[in-house]
Each structure stands twice: as structure tokens, then as C-alpha cells.
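>>> structure of the sequence below:
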Amino acid sequence: MSRALSDLKEPARSRAEEALAELRRLGVRVSVVSTLRTTEEQQALFAQGRKDLAEVNRLRAIAGLGTLPEKENRYTVTNADGIQNRSRHQSGKALDVVPLEGGRAVWPPATDPRWQVIANVFKARGFAWGGDWKDYPDYPHYQLGS
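Numbers count the residues shown, from 1 in each chain. Below you'll find the predicted structure:
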């Protein structure tokens, strides 16, 4: 699973670079934790929290991802299965961005004000924010177009 901005398609790449530069100027420390994903990676992520741990880790192995501990298979991380419901990550039009604390990526609660600060910067550059989704909020997720 890529974290490289260079794997994003234009205009997502340049707009993401602009947003990240603005966040640096504002003193908001963030990490890009996902950009481009293969279908296999997306399927493995979709299985998390929906399938038993053995099946999740079988799919993760196929995708070249590390094994998942039991405690991380207690929740879902995406609503896109990678086949019938494709993620914009698969076409290089989405990225996931999370705050940094002490140099480490963190996923704070939805009430953390950093989510809104980050979202405002990305939305100003035309990105849709997953945190605005009513049925399945995805606070780290930003995507362009269809």
C-alpha cells in the first residue's frame, strides 16, 4: 500500500501537495498514511472487521500486507470492497491523512478539532472529505472526482 504522493493522479497530486504545504505553514503536523491501493489491498482492508482473523490475514498475505492482530480485527476501516464498490484509492484519486503526535501517526476521536482543520485545508482545494459522510464517516479520507 503506497503512501507516496507521486502515486496520485493529477490533479489530486498537486492539490494534495498544496494542502500539505498549507498545513505545514499552519503548524499542523500530519502524515499521509495511504495513497494508491491495489484491488487486493482494498479487498484485504474491506475484510477487516467483517471476516474472521484467519481470512483477513490470508487476504493480507495475498496483498503483500503484514498480519493483523486480533484487536485490530474488531472494527471496519473501509466500506469499499475493491470490486463492486471501488475506492478512489484504487485509481490514485484519494489519500488518507492523519495527525501526528510525537512523530507518530494517530487516529484521534471524531471530536478532535485537528480533523476539521485538516479537512478545511483539503476541502479548499476541491477534495471531498470522508468525515462529511453520514453513513460511514472516514475522517482521514480525502478524494477528488469520480
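>>> report the central residue of the chain.
Nearest to the mean C-alpha position of the chain, counting by C-alpha atoms, centre = their mean, stands Asp96 at 2.9 Å.
>>> which element is it on?
Using DSSP states H and E, Asp96 sits in strand 94-101.
>>> so how far is that strand from its chain's centroid?
7 Å (C-alpha atoms, centre = their mean, to the nearest Å).
>>> which neighbouring elements make contact with it?
helix 12-26, strand 30-34, helix 113-123, strand 141-143 (3 or more C-beta pairs under 8 Å, 6 or more residues apart in numbering; DSSP states H and E). Where C-beta positions appear, they are placed from N, C-alpha and C, glycine not excepted.
>>> moving C-terminal from the second one, which element do we reach first?
Proceeding N to C from strand 30-34, the next assigned helix or strand is helix 39-47, under DSSP H and E.
>>> what's the first helix or strand after that next one?
helix 53-63.
>>> which residues does that following helix contact?
With C-beta atoms under 8 Å, 6 or more residues apart in numbering as the contact definition, helix 53-63 has outside contacts at 1, 38, 40-41, 43-44, 47-48, 51, 66-68, 70, 73.
>>> tell me the spacing between the nearest residue to Met1 once chain neighbours are set aside and Ala105.
Counting by C-beta to C-beta, 6 or more residues apart in numbering, Glu41 is the residue found nearest to Met1 once chain neighbours are left out, at 5.0 Å. Separation of Glu41 from Ala105 (C-beta to C-beta, to the nearest Å): 18 Å.
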